[in-house]
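> fold the following for me, if possible:
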Amino acid sequence: MALTAAQHLSEEIERNLGLAEHIMAPGFDRRPLERLQDWQRHRLSETYADLWAQERYRPACQFFIEELYGGLDFLERDRQLERAAPIMRRLLPDYLLQAIADAMKLQAISIEMDLAMSECLQSVERIDQPAYAEAYRTLGHWDQREEQIRLFDELGEILDRATNRPMVFKLARLMRGPARAAGFGALQDFLEHGLSAFGRMGSADYFLDTLIDRETRALEAMRKGGDWPFEPWIGHGPATDGVVQELKWSSR
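The predicted structure follows:
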């Protein structure tokens, strides 16, 4: 039997908190994971620099890369989500619960894959496209990556549809004060940023089609043995030496 949106959300909250506990445990070396995630954020920012350059798509780029792929600072937001879940189940419609659950599932898959990839890349002095592609082929997590891409698409479509319902924005605004007063500020910001990003974009078709097309083409290139899967969009970059750098277009 298919899970309800509320059940799906509960499962993904528990999954993400378990991952956070693992990463934050004493003795766990987070440096390889941080190095890979830094490379990933630079790769994403360069792959979608053309979308970022357009004011219409800029907020959605920020939301996907900074909110859904923001490194290791997700723990407090997810703790807030766990505490707020009973209230959200009463107040939010199923499609918004589904969107948040999909976002949490997307985050969990990304973290799980990054943990495996970072182990595979520990001995690599500098991460670049050939090293990344080789690690991908070594692990062979093709199904997980396909699901990750599918979730990007589904989450974007849910947010796109939600922004066409005026009550959604009204509900988000009504929740702002009580959410912050109850200590759910990070969670409220996450929800508002997603809705605002897609609301300002208008139709999300081009944005989502571009993202899905490029990530799928890169995946197929790696699967076929290619060493430069992102070359059509970023040439032979990026390459990092383990020093965390600011993104070219970060809002932080």
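
> hey, where'd the helices end up in the protein?
Counting by DSSP state H, the chain has these helices, from start to end: 5-24, 31-47, 49-52, 58-62, 75-91, 94-120, 129-139, 142-162, 166-181, 185-201, 205-223, 231-234.

> the longest one to helix 185-201, inter-axis angle?
It stands for helix 94-120. Helix 94-120 runs at 110 degrees relative to helix 185-201, counting by axes from the mean of the first three to the mean of the last three Cα atoms, to 10 degrees.

> and the average pLDDT for helix 94-120 is what?
The average pLDDT within helix 94-120 is 89.

> which other helices and strands does that helix contact?
With contacts defined as 3 or more Cβ pairs under 8 Å, 6 or more residues apart in numbering; DSSP states H and E, helix 94-120 has these neighbours: helix 5-24, helix 31-47, helix 75-91, helix 129-139, helix 142-162, helix 185-201. For the C-beta atoms, the positions are set from N, CA and C on the backbone; glycine is no exception.

> please identify the buried residues of the fourth one?
Residues of helix 129-139 classed as buried by neighbour count (16 or more other Cβ atoms under 10 Å): 129, 131-136.

> I'd like the mean pLDDT over that helix, please.
What helix 129-139 shows for mean pLDDT is 97.

> wait, P232 touches Q129, no?
No - with contact defined as Cβ atoms under 8 Å, P232 does not reach Q129; the gap is 11.6 Å.

> follow-up on the earlier one: worst average pLDDT in the helices of the chain?
Sorting the helices of the chain by mean pLDDT places helix 166-181 lowest, at a mean of 70.

> what pLDDT does the most centrally placed residue in the chain get?
In the chain, the centroid-proximal residue (Cα atoms, centre = their mean) is L68; its distance is 2.7 Å. pLDDT recorded at L68 is 72.

> so who does it touch?
Residues counted as contacts of L68 (Cβ atoms under 8 Å, 6 or more residues apart in numbering) are 103, 106-107, 110.

> again, but for Q129
Q129 makes contact with 227-231, 236, according to Cβ under 8 Å, 6+ apart.

> redo those residues as JSON lines? Include neighbour count and distance to R83.
Formatted as JSON lines, the contacts of Q129 follow (neighbours: other Cβ atoms under 10 Å; distance: Cβ to Cβ, whole Å):
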{"residue": "D227", "neighbour count": "15", "distance to R83": "46"}
{"residue": "W228", "neighbour count": "17", "distance to R83": "45"}
{"residue": "P229", "neighbour count": "23", "distance to R83": "40"}
{"residue": "F230", "neighbour count": "24", "distance to R83": "39"}
{"residue": "E231", "neighbour count": "14", "distance to R83": "45"}
{"residue": "H236", "neighbour count": "12", "distance to R83": "46"}
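
> now, among the residues you listed, which is nearest to A53?
Of all the contacts of Q129, A53 sits closest to F230, with 17.6 Å by Cβ to Cβ.

> any idea how far P32 is from the residue lying closest to I149 once chain neighbours are set aside?
Using Cβ to Cβ, 6 or more residues apart in numbering and skipping residues adjacent in sequence, the residue nearest I149 is E215, 5.1 Å away. Plainly put, E215 is 23 Å away from P32 if you go by Cβ to Cβ, to the nearest Å.

> repeat that for D209.
34 Å.

> of those two, who's got more company?
Taking other Cβ atoms under 10 Å, D209 and P32 do not tie; P32 has more neighbours (20 against 12).

> I'd like to know how far the closest residue to the more buried one other than its chain neighbours sits from Y132.
Nearest residue to P32, sequence neighbours excluded (Cβ to Cβ, 6+ apart): S118, at 4.1 Å. From S118 across to Y132, the span is 11 Å (Cβ to Cβ).

> next one: L191
Where Y132 is concerned, L191 sits at a distance of 32 Å (Cβ to Cβ).

> E67 too?
E67 sits 23 Å away from Y132, taking Cβ to Cβ as the criterion.

> same check on L33?
14 Å.

> count the residues that sit near the spatially closest residue to E192 that is not a sequence neighbour.
Leaving aside its sequence neighbours, E192 sits nearest to A172 (Cβ to Cβ, 6+ apart; 5.5 Å). A172: 19 surrounding residues under other Cβ under 10 Å.
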